[in-house]
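*Asks:* Predicted model follows, preceded by the sequence.
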Amino acid sequence: MKKSVFYHHMAEAASQKGMAIQDIIRQVHSLGIGWAEVDLADLKRDNSIADMLKNEGMGISSIYGFYDFGSSQKGSAGFEHVQLAKKLGCEKVMIIPGFYASDDKAQSENEREKMLAAMKPMCEYAQSEGIIPTIEDFDDCKSPIATAEQMMWFAERIPQLMITFDTGNFMYSGQSELDAFELLKDRIVHVHCKDRSLIEKPQCEMKMTVDGKAMYPAPVGSGCIKMKEIIASLEARGYDGIYTIEHFGAEDQLMYIKRSAEERNVKIQENNKVEEKKVNIEKKEQIKSEDVKASAEKKTSAQDGDKKHISQVYFPQNSSRDKNPRRDNNNRDGQRDNNGGYRNNDRNNSGYRNSDRDNNGGYRNND
């Protein structure tokens, strides 16, 4: 499983722990996390971020940028975003197109059309540069892409636009993450693994849903989001992309990252155990099949041996004889040993069965 984490979380962890950001990045990478998700504004402000990540063996999984396409901003404003992603070897960009200025429906629809008009050329340019443009379900009532249906409105009008599926943000809008997955699954190319807790955490940042529920951040796999079901569905569809750990507002980012990475590792271990069990079952079935085949062959050979023995006993003309026709039949029973009676080498060179047997038990030997 390919794992990423938000650079913001590592920077916040450095501040919380009083540590150098490089030391935090090193610790995070040691957890099996190979990428970071970075804000375009951070990369513009500090051009050393990409080098720090690279020096510690981490790449950039996606660069996200905030825009104001609903006003007068043009799509060409996003071209620099695409160019930077290409320069840094990042395959994806995430577009946050802006937010509605008011609750007025007519005005919101006008703003959405402007967003669409600006995003089209940016997405076309991204595709021409080999970069995948995406949007995510953004948890804000002013967002034009807060629900799966709102996201599909844009995706259906921009063929190049794909989906970053944020597991925890649909809850903000009162939408089931599983229902959202069914609607968006054909366009998903990236995943933000965000879990939520409904248990009060005074030290964490709280976010209220549209239907009045208080949500708190949680390490991935420890909250109420159906994470395992989503990952299983993604894998069943052949998803081989990156899973990005996300928990903005956590009181201890480093601890949350470690726990989230462990949850992802548990998933990997579970998959490996299932695969190992499957291989072992296949091996056992193969061995069983070979044993059955060997047993059948052995039985057939033994039956052939019995037939030959009977033929030799009752039809002496079928037996092999040497030049001395005399048969030593004195006390035949007394000459039998524990290796199979008179089918064993209980004949001397003048007998008719001696040359037909080896030293391992006659016709039932290792055939």
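*Replies:* Arrived safely, thanks for sending.

*Asks:* Residues in contact with stretch 246-262: which ones?
*Replies:* 3, 5-6, 8-10, 12-13, 16-17, 24, 27-28, 31-33, 37, 166, 168, 192-195, 201, 203-207, 216-222, 245 (C-beta atoms under 8 Å, 6 or more residues apart in numbering). C-beta here means a position set from N, CA and C on the backbone, and glycine is covered the same way.

*Asks:* could you measure residue 165 against residue 73, distance?
*Replies:* Using C-beta to C-beta, to the nearest Å, one obtains 26 Å as the distance from residue 165 to residue 73.

*Asks:* Those two: which is more packed in?
*Replies:* Neighbour totals were compared for residue 165 and residue 73, and residue 165 leads with 28 against 16 (other C-beta atoms under 10 Å).

*Asks:* Make sure that one is indeed in a strand.
*Replies:* Yes - looking at residue 165 with DSSP: H, G, I helix; E, B strand; the rest coil, it is inside a strand.

*Asks:* Write down the beta-bridge partners of it, one by one.
*Replies:* Counting by DSSP bridges, residue 165 is bridged to residue 191.

*Asks:* and it, what is it in contact with?
*Replies:* Each residue near residue 165 by C-beta under 8 Å, 6+ apart is listed here: 136, 137, 180, 181, 184, 188, 190, 191, 192, 230.

*Asks:* what does residue 130 give?
*Replies:* Contact analysis of residue 130 by C-beta under 8 Å, 6+ apart lists 86, 91.

*Asks:* What backbone torsions are found at it?
*Replies:* With angles defined as degrees, to the nearest 10, residue 130 sits at phi 80, psi 20.

*Asks:* In three-state terms, label residue 13 for me.
*Replies:* Per three-state DSSP, residue 13 ends up helix.

*Asks:* That one and residue 24 touch, don't they?
*Replies:* Yes - using C-beta atoms under 8 Å, residue 13 is in contact with residue 24, at 5.0 Å.

*Asks:* Show me the shaky parts of the stretch 251-367 of the chain.
*Replies:* Scanning the stretch 251-367 of the chain for pLDDT under 70 picks out the ranges 263-367.

*Asks:* May I have the host helix or strand of residue 44 as CSV, with CA atoms only?
*Replies:* Remark: residue 44 resides in helix 40-45, with elements defined by DSSP states H and E. Presented in CSV, the C-alpha positions along helix 40-45 are these (Å, rounded to 0.1, in the frame of the first residue of the first chain):
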residue,chain,number,x,y,z
LEU,A,40,0.9,25.1,-3.4
ALA,A,41,1.2,28.2,-1.2
ASP,A,42,3.8,26.5,1.0
LEU,A,43,5.9,25.5,-2.0
LYS,A,44,5.8,29.0,-3.3
ARG,A,45,6.7,30.5,0.1
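
*Asks:* So which bits of the following helix or strand past it are buried?
*Replies:* Sequence-wise, the next helix or strand downstream of helix 40-45 (DSSP H and E) is helix 49-55. With burial defined by 16 or more other C-beta atoms under 10 Å, the residues of helix 49-55 counted as buried are 49, 50, 52, 53.
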